[in-house]
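Asks: Sequence plus the predicted model coming up.
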Amino acid sequence: MSEPVKIVEKKPVPPGAIMLYGLPDVGLVGLIATSYIISELDLEEIAFVDSDLLPPVVVLHEGLPHAPLRIYGNNNFIAAISEMAVPAAALHPVMRKLIGWGETKEAKVTISIGGIPIKNRQDIKEPEVFGAATTKDLIEMLRGKGLKILKEGFIVGPQALAMRYSAERRLSAIALLAQSFYNYPDPEAAAIAIKTVAKITEQKIDVSKLLDKGEEIRLRARDIMRRTQQELTRMKKSQEYDIPLYV
Amino acid sequence: MSEPVKIVEKKPVPPGAIMLYGLPDVGLVGLIATSYIISELDLEEIAFVDSDLLPPVVVLHEGLPHAPLRIYGNNNFIAAISEMAVPAAALHPVMRKLIGWGETKEAKVTISIGGIPIKNRQDIKEPEVFGAATTKDLIEMLRGKGLKILKEGFIVGPQALAMRYSAERRLSAIALLAQSFYNYPDPEAAAIAIKTVAKITEQKIDVSKLLDKGEEIRLRARDIMRRTQQELTRMKKSQEYDIPLYV
Amino acid sequence: MSEPVKIVEKKPVPPGAIMLYGLPDVGLVGLIATSYIISELDLEEIAFVDSDLLPPVVVLHEGLPHAPLRIYGNNNFIAAISEMAVPAAALHPVMRKLIGWGETKEAKVTISIGGIPIKNRQDIKEPEVFGAATTKDLIEMLRGKGLKILKEGFIVGPQALAMRYSAERRLSAIALLAQSFYNYPDPEAAAIAIKTVAKITEQKIDVSKLLDKGEEIRLRARDIMRRTQQELTRMKKSQEYDIPLYV
Amino acid sequence: MSEPVKIVEKKPVPPGAIMLYGLPDVGLVGLIATSYIISELDLEEIAFVDSDLLPPVVVLHEGLPHAPLRIYGNNNFIAAISEMAVPAAALHPVMRKLIGWGETKEAKVTISIGGIPIKNRQDIKEPEVFGAATTKDLIEMLRGKGLKILKEGFIVGPQALAMRYSAERRLSAIALLAQSFYNYPDPEAAAIAIKTVAKITEQKIDVSKLLDKGEEIRLRARDIMRRTQQELTRMKKSQEYDIPLYV
Amino acid sequence: MSEPVKIVEKKPVPPGAIMLYGLPDVGLVGLIATSYIISELDLEEIAFVDSDLLPPVVVLHEGLPHAPLRIYGNNNFIAAISEMAVPAAALHPVMRKLIGWGETKEAKVTISIGGIPIKNRQDIKEPEVFGAATTKDLIEMLRGKGLKILKEGFIVGPQALAMRYSAERRLSAIALLAQSFYNYPDPEAAAIAIKTVAKITEQKIDVSKLLDKGEEIRLRARDIMRRTQQELTRMKKSQEYDIPLYV
């Protein structure tokens, strides 16, 4: 294999869709939210990522093997998730490939979903979602939808590279960051993030089933949360608590 | 050597055979089962794997050197085994090469044999075998033969990549996973796996000799079991106990 | 990405400007000074550095993502800063790229700003700035402006490579080293360095705001100071205390 | 240097000779035996191995520098020895190069000499030598000369690769393994190995001087023995004690 | 930079000169001796070595930056020194480049100067210098000049590679090894080495200033000695104490 990362398409991929990213990160907010959207919108598996940089793992579903990092879609939405923590050493090439692939599919806008850790999460009933984006127009759009903007700070990990590579290619990209636990799967934060996605994309998505299954998801997500944490440390994720010196 | 892994053919390799894989893994189920099948069906050594990624080892048999990772066959079956734990760093290129080679030999179907660890193995008299496969037709075929399907879960290691690379090339591949010990060679689990192979391939294979020699095999396999264990840790094999979040 | 480091230009880059470098180093003198100059001269962001050798980080400013290592400019000045410690393993290719890029932009002169650690820094009211340069004419010019010359010693890190690669390409380059703390952000040292830049470039720059905000900057810079320190150790920065044997 | 390992010829190398290998291994049996043969047959230095994978070392002899890994020969014998433990990371390319080079020189047969550790070595007066070979004819020839054959087992290290690469190229190769100490230089085992070489090649070699100088050699070889041991561990030499599962 | 190591020439390099090497090694004998010769013969800086394998360091002299590994010369002598310990990982390519470069400059002979550690150095008033060389004629010449020859033993580090690469290209090369301290800069040993260089090259060099400044040099060289020691360990320099088994 000459390319370090490749995307294998299993079905035709519709052009001009909205792309969602939900890779394992703080509180698994992005992964839980995106998985739920895939299920609610009944998106079909259309492609997956193959790379020697990823561990030798497959996920079985009804006895059929699936790559842990895979892409779903219908005519309006394309969504990428990973059921396996992406090793820090694989993050740059994987994200570059995904964003580049999205460009060839003429994605309308890229929305990456993640968490932003806050220390007193347990005291907060309704976590807030903050937005960031690659253009001023998108920032204004987010503000128009009632979203708070994350004005200053560092983003580290999958969302950072989604933003960086999108900006480099002058693509429209949004990052949504919901206040969340750092080390515990946070379905409530995911539910708030989904509501924000729904508002932005004007796609109705009912989060009631997610909230009902909160406890079950927390349990099922415990293992991937533990593995994700190790990679976050390698990515120096703790830098997100840093104050930038920005001019 | 420009290629990192190469397969050296010593005899002509028949096209259209059934390919069996028995690489060192949990309980050495695959290795014990496949070795026994090679012996029972009197398969001949036809090829071996050479790579700088593998340690500097040869196995002597009647004073003649053999590669630890080698391939046997007759007109109906081709079987690959390794008498040496495959280093985690070599697993991707070795498996990709093997599956690619199987494709050029027009293998009818690939059956990789392995174990699935269960905690109370010592309390189980007759371990069960679970199946997974790259197509729905194969799943149905396995169900038709009375096999249970491993519906949800992770597979990690040689079998994971056998499935992944087969699926990618749209090849027919089956994974058989027999309940087994994690760290002890498990000839009984291997015997059950062989019976399942016999049922699927409609090839009569008598396992009585294997069961008779159980204690002897457990002893002879102790060393390779110990070395295999170290590589399983590197492959994050423990992830097989994880619950996937699958949408 | 075939190149390990690339510079992505967002706006046209004026030729013939004076280039300033302020990468994280001892006391963050260069970073604080250069950031302040960017702000005072109202330089615009014109380019940034992208590389897989840098961690997966973006800095948000008003909700828009920025590369941590980026370049500002107007018709007279170009200034490069990094809000992230540059990993030791990335320093050679990053600096080579920056200096080579400066050459293609026909930079008039390169001024890299840094600190030189002294042990009794807290006892010194007005730190001194020492100069070094790639040509005797520049040394004379610096002397003419009243600057002391750092006659003997080692320079280690970003400034060392800025000097080395400039000398190799026969480019005019100056290093300014202000006496500073090793491990604490030192805005006072930065202020003195800025005054020296102002004198050399005959560009009026008022440092009063920097001195007023001293305490705030020290706080904001604490995090990047901590991360910078780790990389300084990897670069064997302690060698700067060594006495050279020079013939 | 584009090739990782190269062989530099200092004198013309005769075609069709018998090749002996004595690289540092268990008990230094091969090195001591081959060095002694070189001396007794008065072989001349004809080539040496150069590689960045080998440490920066030369051996002086009468004030002249020699590569530690070098090749001697006359019209009938070519012999390769190393006075330096070959680093585990260099073993594959070094052995592949040596065997490939031997093929271009049309070596009649390759005899690699080594030790096979036994625990009660000190209780054995006359160690035994076991043989292995790449063809059945050679095995029969060895048996005809009264040699025991090592029927089952692992060989790890230089001899393993000598056998593997010879078999791959369908070259005639023999491995001789004398019972020896693992960690102590064993000139007595070397003497027995030499007698076996003499028998096989029908070349008279008197071992009396070797036996007389036993104590002196043990002392002189102590240093290289210690360094060899570290590399044996890296090659997982302990695997030679393993029982293979061979079908 | 495609080449891992390159030599940048600042002035025309005269052909046919005598080349001296004084890289940091045991007791810094070579570095101190060669630096002193450069100063006494008033050699001019003519070239330097650039490589990403070397740490990010420049040495200032009168405020001008110099590469730590640089080359001086006049019409009769060329001398290479390094004011920085050469990392073990850079030694092979750096020495290969230097020797190859010397060949293109048609160096008449290469003299590398170093120390050979002896345990009771403090009890020795006048250390001895031993010689080694790439040809028998040179050995005879050294003997004719009254030098003792280092008949048997290992040389490890810069001098080993200088000898090895010179021998490989059939170039005339001499190694001078003065008895010295292992870990303390040894100007007295350097003075004796210089006298030997003077005798061999028939170039008058007065060492009185070196002996007068002994204490000062010991102090100035303390830092580079400490850093050199770490690299010597990585090169397995301790092997020089080993007794070779030489046939």
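Replies: Arrived safely. Numbers count the residues shown, from 1 in each chain, chains lettered A, B, ... in the order given.
Asks: And the residue in chain A positioned nearest to chain D, how close does it get to B:Y21?
Replies: Per CB to the nearest CB, A:D52 is where chain A lies closest to chain D, at 20.1 Å. C-beta coordinates here come from the backbone N, C-alpha and C atoms, glycine included. In this view, A:D52 and B:Y21 are 19 Å apart by CB to CB, to the nearest Å.
Asks: so where's chain A shaky on pLDDT?
Replies: Scanning chain A for pLDDT under 70 picks out A:1-2, A:236-247.
Asks: what about the strands in it?
Replies: With strands called from DSSP state E, chain A shows them at A:5-9, A:18-22, A:44-51, A:57-61, A:64-66, A:69-73, A:77-82, A:109-117, A:129-133, A:148-149, A:152-156, A:173-180.
Asks: In terms of neighbours, single out the busier of A:D52 and B:Y21.
Replies: Shown here are A:D52 and B:Y21; by other CB atoms under 10 Å in any protein chain shown, B:Y21 has more neighbours (28 against 16).
Asks: Who are the contact partners of that one?
Replies: B:G30, B:T34, B:A79, B:A80, B:L98, B:T110, B:I111, B:S112, B:I113, B:P158, B:Q159, B:A162 (CB atoms under 8 Å, 6 or more residues apart in numbering or on different chains).
Asks: ok, the lengthiest helix in chain A near chain C or not?
Replies: In chain A, assigned by DSSP state H, the helix with the most residues is helix A:88-104. Yes. Using CB under 8 Å from any CB of the partner chain, we find that helix A:88-104 touches chain C at A:A88, A:L91, A:H92, A:P93, A:M95, A:R96.
Asks: Identify, from the residues you listed, the entry nearest to D:A189.
Replies: Comparing those against D:A189 with CB to CB picks out A:A88 as the nearest, at 50.0 Å.
Asks: that older thread, is any part of the longest helix of chain A close to chain B?
Replies: No. Using CB under 8 Å from any CB, helix A:88-104 stays clear of chain B, coming no nearer than 12.3 Å.
Asks: What's the local residue count around A:Q159?
Replies: Neighbours around A:Q159, by other CB under 10 Å: 28.
Asks: wait, does stretch A:46-65 contact chain C?
Replies: No. Remark: stretch A:46-65 sits outside contact range of chain C, by CB under 8 Å from any CB, the gap being at least 11.7 Å.
Asks: Just the terminal-to-terminal distance for that stretch.
Replies: Stretch A:46-65 has an end-to-end distance of 14 Å (criterion: CA to CA, to the nearest Å).
Asks: Can you mark which positions in it are buried?
Replies: A:46-61, A:63-65 (16 or more other CB atoms under 10 Å in any protein chain shown).
Asks: Please tell me how far A:L177 sits from E:A167.
Replies: Distance of A:L177 to E:A167, computed by CB to CB: 64 Å.
Asks: Correction: the previous question concerned A:E83.
Replies: Applying CB to CB to A:E83 and E:A167 gives a distance of 59 Å.
Asks: Check A:L138 too.
Replies: 67 Å.
Asks: Same drill for these two, tell me which one is more crowded.
Replies: Looking at A:L138 and E:A167 with other CB under 10 Å, you find the greater number of neighbours at E:A167, namely 23 against 19.
Asks: Look up the closest residue to that one, ignoring the ones flanking it.
Replies: E:T134 (4.6 Å; CB to CB, 6 or more residues apart in numbering or on different chains).
Asks: The one you found is in contact with E:E168, isn't it?
Replies: No. Judged on CB atoms under 8 Å, E:T134 makes no contact with E:E168 at a distance of 9.3 Å.
Asks: who has more neighbours, the two?
Replies: E:T134 (26 against 18).
Asks: Run through the residues that contact that one.
Replies: Contacts of E:T134 by CB under 8 Å, 6+ apart are D:L64, D:P65, E:M163, E:S166, E:A167, E:R170, E:L171, E:S172, E:A173, E:I174.
Asks: cutoff 6 Å now
Replies: Residues counted as contacts of E:T134 (CB atoms under 6 Å, 6 or more residues apart in numbering or on different chains) are E:S166, E:A167, E:A173.
Asks: one step back: now do the buried residues in the longest helix of chain A.
Replies: Those would be A:88, A:90-99, A:101-103, for helix A:88-104 by 16+ other CB under 10 Å.
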